[in-house]
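Visitor: okay, sequence plus prediction incoming.
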Amino acid sequence: MDRIETVAREIVDAAVKVHKRTGPGLLESVYEVLLARELERRGLTVERQRPVDVVIDGVQFNEAFRLDLLVEGLIVVEIKSVETFVPAHWKQVHTYIRLLDLRLGFLLNFGDATMKSGIHRIVNRYVGRFAPSCLRAKTM
């Protein structure tokens with residue numbers, strides 16, 4: 001199994017564990033801290049609130065967005081605690097992984113009654129082909 005799938009399994013398992021301990025109803029920031037801590041306990045590198053710069057048509061936007069979690073530099077994890085997702089939630093994660101040229105992101109909803117129904121895997125089908133030339137993320 002390749003590294004990305006190993007890390008993905010750890011993320012899912014850790015999210016389920018955190019949700020079982022806490023249940024739904026807490027703030028997203030609480031779940032972010034607890035999930036990051038659980039992943040770090042498992043020996044994974046986790047960056048919280050990682051800023052990402054974007055260049056659009058030659059104009060640089062410093063900290064255009066912040067990733068909730070970037071795990072092992074491979075997988076974006078966006079955390080929500082909502083009743084239901086709206087289409088913008090999926091677009092947000094897809095945009096992040098596309099701009100960073102990553103293969104995988106997770107949209108996790110800790111607001112669901114069970115974590116199983118709150119886990120959504122989002123795949124970048126265009127790895128190796130960056131966003132249009134007018135739009136680029138700059139890694140820090």
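Guide: Everything's here; your move.

Visitor: what's opposite the residue nearest in space to the middle of the chain in the beta bridge?
Guide: The centroid of the chain falls nearest to residue 77 when counting by CA atoms, centre = their mean (1.7 Å). Beta-bridge pairing of residue 77 under DSSP bridges involves residue 69, residue 106.

Visitor: so which residues of the chain form helices?
Guide: Counting by DSSP state H, the chain has helices at residues 3-22, 28-41, 87-99.

Visitor: per-residue pLDDT, the residue nearest to the centre of the chain?
Guide: On pLDDT, residue 77 comes in at 98.

Visitor: then the one 10 residues further on?
Guide: In the predicted model, residue 87 carries a pLDDT score of 87.

Visitor: same question for residue 1.
Guide: pLDDT, residue 1: 58.

Visitor: just residue 95 next, same as before
Guide: We have a pLDDT of 89 for residue 95.

Visitor: for it, what are its contacts?
Guide: For residue 95, the contact set (CB atoms under 8 Å, 6 or more residues apart in numbering) is empty. For glycine as for every other residue, the C-beta is placed from the backbone atoms N, C-alpha and C.

Visitor: can you give me the distance of it to residue 14?
Guide: Relative to residue 14, residue 95 is positioned 24 Å away (CB to CB, to the nearest Å).
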